[in-house]
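Undergrad: Mind looking at a prediction? Sequence and model below.
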Amino acid sequence: MDELEWRRVDAATTAEARDVAVDELIELVGAIDSIVTAQALADSRYFVATCGQRFDATSAETVLNTMIAAYRLQYILSGARHPNFAGALASMTTDAQQRRIHAALAALAPPPMLNAA
């Protein structure tokens, strides 16, 4: 139902308004990222302080970075990468707009892990 409404609104949207909407989507992703980053910082500090194990600065930073990556995946990337959402968004945006969106999302994705084997 949401996609049907989204397509109805999109049909009446000008190219200029759609470009503004892409900017606003990127701003929204940035705002959500700020929120999840702040929450990950608070949660990682709490975890490090209460888990019953001592952490050096490097280990505490690893906990923080792991939580940031997990929260970004949970609250931003999993939805943005969902095939239905991604397909609908792609069908309503230009290649240039899609590149802008992908660049904004790529900045949030953790680097790929190397296989140590």
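TA: Perfect, I can see it now.

Undergrad: Can you mark which positions in the longest helix belonging to the chain are buried?
TA: Longest helix in the chain, counting residues (DSSP state H): helix 15-50. Residues of helix 15-50 classed as buried by neighbour count (16 or more other C-beta atoms under 10 Å): 19, 21-22, 25-26, 29, 32-33, 36-37, 40, 43-44, 48. C-beta here means a position set from N, CA and C on the backbone, and glycine is covered the same way.

Undergrad: elements contacting it?
TA: When contacts are defined as 3 or more C-beta pairs under 8 Å, 6 or more residues apart in numbering; DSSP states H and E, helix 15-50 sits against helix 57-72, helix 95-106.

Undergrad: And these: which comes nearest residue 14?
TA: helix 95-106 (13.4 Å; C-beta to C-beta).

Undergrad: quick one: the closest one to helix 15-50, angle?
TA: In terms of direction (axes from the mean of the first three to the mean of the last three C-alpha atoms, to 10 degrees), helix 95-106 departs from helix 15-50 by 10 degrees.

Undergrad: Other residues contacting helix 95-106?
TA: The contact list for helix 95-106, computed with C-beta atoms under 8 Å, 6 or more residues apart in numbering, reads 18-19, 22, 25-26, 29-30, 76-77, 80, 89-90, 93.

Undergrad: Quick test: name the residue nearest the centre of the protein.
TA: Compute the mean C-alpha point of the chain, and by C-alpha atoms, centre = their mean the closest residue is residue 76, 3.3 Å away.

Undergrad: So that one versus residue 84, what's the distance?
TA: 16 Å (C-beta to C-beta, to the nearest Å).

Undergrad: Which secondary structure state does the spatially most distant residue from the centre of the chain sit in?
TA: If you look at how far each residue of the chain sits from its centre, by C-alpha atoms, centre = their mean, the farthest one is residue 52, at 31.4 Å. Under DSSP: H, G, I helix; E, B strand; the rest coil, the three-state class of residue 52 is coil.
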